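J.: how would this look folded up:
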Amino acid sequence: AVAVCLTVLMSACVATCFCRYPKATGIFVSVWLVWFIAKLVQGKGAEIYHSAQLLEGALSDEVRASGTLLLRLTLFVLPFLRDAWRLAEPVMDQLKQIWTESSAEERTLISVCLLACSGTILILVAACHHKETVAHALFHLSFVVVGPSVAWLVMQLPYVYCHLLIVLNMSILPLVMSLYTHRCIDQGRRAFADDA
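T.: Below is the predicted model:
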């Protein structure tokens, strides 16, 4: 996990530097790749791997120490959080037990659900600030859920109704929507011509 976080962090740093200083970052990455390939050709891959392991260990220790420092500082500044932690500790232990006893598929499902919940919260927060942009994005993202749901519901219908729905969706509905869109565009052009 630390290696993945380190890789993501380094990639983000390189991407940020590339956006601000494309030539210098490109030269640095090129020189580093040449050095890396030269070391591999010389048969010193084990040395690079050992250095990466040392970096990972140091980073793990640093993250743990920083987390402990932050926790101690928070408990010193906000002592009532200690009581809240004591109340939450049984729940946290139960969650840890559920996580360790679950299979890889269940862990993946839990992770996706947590990501979906956090994404929903972020979208709701962003909706307060940028209502039009978020509404536009949500309209397009809704097809990820609505499309498969509609397809599944149509598959549950008898053949006759399914055939009618397909004809409606593939010919009549697009025709009506196209005419409506054409009318809206035409009205917009007329309003623009009247204003000019």
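
J.: now the helices for this structure?
T.: With helices called from DSSP state H, the chain shows them at 2-20, 22-41, 45-77, 80-101, 104-129, 131-155, 159-167, 173-195.

J.: with mean neighbour count added, can I get those in TSV?
T.: For every residue, glycine as well, the C-beta is placed using N, CA and C. Converted to TSV, the helices of the chain look like this (neighbours: other CB atoms under 10 Å):
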stretch	mean neighbour count
helix 2-20	11
helix 22-41	11
helix 45-77	11
helix 80-101	10
helix 104-129	11
helix 131-155	11
helix 159-167	11
helix 173-195	10
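
J.: mean pLDDT added to those helices, as CSV?
T.: Output for the helices of the chain, formatted as CSV (pLDDT from 0 to 100):
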stretch, mean pLDDT
helix 2-20, 70
helix 22-41, 81
helix 45-77, 78
helix 80-101, 80
helix 104-129, 72
helix 131-155, 68
helix 159-167, 75
helix 173-195, 81
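
J.: residues in contact with stretch 150-161: which ones?
T.: 162, 165, 166 (CB atoms under 8 Å, 6 or more residues apart in numbering).

J.: okay, how far is it across it, tip to tip?
T.: 14 Å (CA to CA, to the nearest Å).

J.: off-centre distance for it?
T.: 32 Å (CA atoms, centre = their mean, to the nearest Å).

J.: go on, stretch 162-181?
T.: Averaging C-alpha coordinates over stretch 162-181 and over its chain gives two centres that are 34 Å apart (CA atoms, centre = their mean).

J.: alpha carbons of that stretch, as PDB, please.
T.: This file holds the C-alpha atoms of stretch 162-181, laid out as PDB (Å, rounded to 0.1, in the frame of the first residue of the first chain):
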ATOM      1  CA  CYS A 162     -40.300  -5.100 -25.200                       C
ATOM      2  CA  HIS A 163     -40.600  -4.900 -29.000                       C
ATOM      3  CA  LEU A 164     -42.900  -1.900 -28.700                       C
ATOM      4  CA  LEU A 165     -40.600  -0.100 -26.200                       C
ATOM      5  CA  ILE A 166     -37.600  -0.700 -28.500                       C
ATOM      6  CA  VAL A 167     -39.500   0.800 -31.500                       C
ATOM      7  CA  LEU A 168     -40.600   3.700 -29.400                       C
ATOM      8  CA  ASN A 169     -37.000   4.400 -28.100                       C
ATOM      9  CA  MET A 170     -35.200   3.800 -31.400                       C
ATOM     10  CA  SER A 171     -37.500   5.800 -33.700                       C
ATOM     11  CA  ILE A 172     -40.400   7.800 -32.300                       C
ATOM     12  CA  LEU A 173     -38.800   9.200 -29.200                       C
ATOM     13  CA  PRO A 174     -35.600  10.400 -30.900                       C
ATOM     14  CA  LEU A 175     -37.700  12.000 -33.700                       C
ATOM     15  CA  VAL A 176     -39.800  13.900 -31.100                       C
ATOM     16  CA  MET A 177     -36.700  15.000 -29.100                       C
ATOM     17  CA  SER A 178     -34.900  16.100 -32.300                       C
ATOM     18  CA  LEU A 179     -37.900  18.200 -33.400                       C
ATOM     19  CA  TYR A 180     -38.100  19.700 -29.900                       C
ATOM     20  CA  THR A 181     -34.400  20.500 -29.900                       C
END
